[in-house]
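Colleague: my questions concern the predicted model and sequence given below.
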Amino acid sequence: MQERKVLKEYGDVEITLGSTNLKRGFAKMVKHGVVMDVTNPTQAGIAEDAGAVAVMVLDKLPADIRARGGVARMATIQAIKETMETVSIPIMAKCRIGHTMEARLLEEIGVDMIDESEVLTPANEASHVWKWDFTVPFVNGCRDLGEALRRIEEGSAMIRTKGEAGTGNVAEAIRHMRMVNNGIRQVVAAKDNPQELMILAREMKVSYETVLKVAELGRLPVVNFAAGGIATPADAAMMMQMNCDGVFVGSGIYKSEDPEMRAEAIVMAVTHWNNPEKVAEAQSMVSERKSMPGLDISTMKEEKKLQLRGANL
């Protein structure tokens with residue numbers, strides 16, 4: 001575990017390198033924004049020009065990972081460094097579930113956040129990375145409240161819905177966000193009933209203290225973005241309407257025929273999600289004919305669904 005360096009003190013609050021305050025604070029800095037998947041500096045430049053709050057560097061976009069199969073690993077160090085030299089916004093990168101060494105390498109080269117992602121081929125079927133040992137913040141995916149809280153107890157500073165990446169189909173992102181929201185409402189309703197909270201904690205395989213924190217806050221204790229299948233401005237605004245703090249999008253932009261305009265339109269829709277006139281303006285900037293082809297998730301075999309990776313851990 002790395003030595004903690006005190007960066008600044010605010011009254012009784014001590015901000016240290018690798019502290020929970022600093023990790024979660026970084027995640028809060030990108031709230032209400034769009035994080036875009038990219039595979040090269042050119043795409044990163046498009047994202048930055050469109051107003052993205054950060055970029056996520058991958059070796060291949062989720063749609064390509066899905067189509068090609070095989071083993072998907074973290075992006076090359078060279079590609080990540082080239083992107084870091086190209087844009088001024090924060091750089092995120094993905095590691096495989098449970099692959100502590102990939103995470104260490106990403107921390108070493110100085111990425112701003114690590115996504116321990118089910119989009120890549122899982123490396124450890126028994127556990128996720130223990131994120132408390134790192135100074136860099138992590139983001140993890142979830143399908144429901146229990147999965148989100150288990151990742152937070154492992155040290156995750158940001159949560160995102162898993163959706164179904166690389167499909168251009170927002171249905172699963174909506175379903176997972178609905179499940180998270182329903183779980184939060186159930187916990188809040190049991191706020192004054194310690195016995196019921198204990199039962200819920202046991203069912204979700206997390207501590208009573210973590211569930212109590214959700215009951216008190218009325219939300220997750222960390223920032224929660226939407227991800228997976230977001231392809232249009234209307235998709236993005238829909239997720240914000242469901243109480244998301246922001247969105248991740250990648251294949252939906254770069255697998256379309258109008259990536260520059262679509263990137264700008266999705267940022268506009270997230271920024272003005274509660275203004276139908278602005279969202280309509282954003283939607284009019286893109287053409288449905290130029291959207292990425294979507295996949296019907298209901299026809300997919302279970303073993304083809306990326307969202308299931310790591311869900312039971």
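Modeller: Looks like it arrived, so ask away.
Colleague: got the residue ranges for the helices in the stretch 1-150 of the chain?
Modeller: Under the criterion DSSP state H, counting those that start in this stretch, the stretch 1-150 of the chain contains helices at 20-29, 41-50, 62-68, 77-86, 100-109, 145-153.
Colleague: Met198 - how many residues pack around it?
Modeller: Number of residues near Met198 (other CB atoms under 10 Å) recorded here: 14. The C-beta positions use only the backbone N, C-alpha and C, and glycine is treated the same way.
Colleague: same question for Ala44.
Modeller: By other CB under 10 Å, neighbour count at Ala44 equals 25.
Colleague: hmm, it is touching Ala54, no?
Modeller: No. Look at Ala44 against Ala54 with CB atoms under 8 Å: they stay out of range, at 10.1 Å.
Colleague: how far does stretch 44-62 sit from its chain's centre?
Modeller: 13 Å (CA atoms, centre = their mean, to the nearest Å).
Colleague: contacting residues for the residue nearest to the spatial centre of the chain?
Modeller: For the chain, the residue nearest the mean C-alpha position is Arg160 (3.6 Å; CA atoms, centre = their mean). Neighbouring residues of Arg160 by CB atoms under 8 Å, 6 or more residues apart in numbering: 115, 139-142, 224-227, 248.
Colleague: let's see it at 7 Å
Modeller: 139, 141, 225-227, 248 (CB atoms under 7 Å, 6 or more residues apart in numbering).
Colleague: what values do phi and psi take at it?
Modeller: phi -140, psi 150 (degrees, to the nearest 10).
Colleague: helix, strand, or coil at the closest residue to Lys131 other than its chain neighbours?
Modeller: Once flanking residues are discounted, Lys131 sits nearest to Gly155: 3.0 Å by CB to CB, 6 or more residues apart in numbering. Assigned by DSSP: H, G, I helix; E, B strand; the rest coil, the conformation of Gly155 is coil.
Colleague: Trp132 is in contact with Gly155, correct?
Modeller: Yes. Contact criterion CB atoms under 7 Å: Gly155 and Trp132 qualify, at 4.0 Å.
Colleague: that older thread, any chance of the contacts of Arg160 in CSV, plus distance to Thr76, pLDDT and neighbour count?
Modeller: Shown next, in CSV, are the contacts of Arg160 (distance: CB to CB, whole Å; pLDDT from 0 to 100; neighbours: other CB atoms under 10 Å):
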residue, distance to Thr76, pLDDT, neighbour count
Val139, 21, 97, 28
Gly141, 23, 94, 30
Phe225, 25, 97, 24
Ala226, 28, 95, 30
Ala227, 23, 92, 30
Phe248, 21, 95, 26
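Colleague: which of these sit farthest apart?
Modeller: Val139 and Ala226 (12.1 Å; CB to CB).
Colleague: low-confidence stretches in the stretch 151-300 of the chain?
Modeller: Low-confidence regions of the stretch 151-300 of the chain, defined by pLDDT under 70, span residues 166, 292-300.
Colleague: who's in contact with the nearest residue to Lys60 once chain neighbours are set aside?
Modeller: Distance criterion CB to CB, 6+ apart; nearest residue to Lys60, sequence neighbours excluded, is Thr39 at 6.3 Å. Under the criterion of CB under 7 Å, 6+ apart, the contact list for Thr39 reads 58-61.
Colleague: hang on, isn't Val139 packed against Met158?
Modeller: Yes. If you go by CB under 7 Å, Val139 and Met158 touch, sitting 4.0 Å apart.
Colleague: tell me which residues of the helix or strand that Gln283 is a member of come out buried.
Modeller: Element membership for Gln283 (DSSP states H and E) is helix 276-284. The neighbour-count criterion (16 or more other CB atoms under 10 Å) identifies 278-279, 282-283 as the buried residues of helix 276-284.
Colleague: how much space separates Ala103 from Phe26?
Modeller: 16 Å (CB to CB, to the nearest Å).
Colleague: one more: Val188?
Modeller: Val188 is 27 Å from Phe26, by CB to CB.
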